[in-house]
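J.: Turn this into a structure:
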Amino acid sequence: MSTTKKVPLRKCIGCGEMKDKREMMRVLKTTDNEITIDITGKKNGRGAYLCYRQECLEQAMKSRGLERSFKMSIDKEVYEKLKKEFDALGTK
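T.: Got it, this is the predicted structure:
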């Protein structure tokens, strides 16, 4: 009997699509309520996932998906910082 490895799926908070965890970017809320992008996907904290598309980040900002995921309000400065980090990664 051969066993197939289970592929972890995550839902994008922007577009709502379920995709492979490795195809998505993790936005992380640390224990001191700092919000950053976790490239490795292994840092400690609460995570939310986004596709590597600019539209998904904009949709998550518009629909307040990050605020719902992290159960806290998020300042515009944090969204601007996330946009800069997103652009630095060379997303589409």
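
J.: Tell me how many other residues crowd Gly14.
T.: Neighbourhood size, Gly14 [other C-beta atoms under 10 Å]: 23. The C-beta positions use only the backbone N, C-alpha and C, and glycine is treated the same way.

J.: That one belongs to a helix?
T.: No: assigned with DSSP: H, G, I helix; E, B strand; the rest coil, Gly14 falls outside any helix and is coil.

J.: Please name the nearest non-neighbouring residue to it.
T.: Cys56 (3.0 Å; C-beta to C-beta, 6 or more residues apart in numbering).

J.: wait, what's in contact with the one you found?
T.: By C-beta atoms under 8 Å, 6 or more residues apart in numbering, Cys56 lies in contact with Cys12, Ile13, Gly14, Cys15, Leu50.

J.: Who wins on neighbours among those?
T.: Among the contacts of Cys56, Leu50 has the most neighbours (other C-beta under 10 Å), with 25 neighbours.

J.: Is it in contact with Lys11, as I believe?
T.: No: counting by C-beta atoms under 8 Å, Leu50 does not reach Lys11; the two are 10.1 Å apart.

J.: now the lengthiest helix in the chain: mean pLDDT?
T.: Using DSSP state H to define each element, the chain has its longest helix at helix 76-88. Averaging pLDDT along helix 76-88 gives 86.

J.: Touching, Thr30 and Gly45? I think so.
T.: Yes: assessed by C-beta under 8 Å, Thr30 is found in contact with Gly45 at 4.5 Å.
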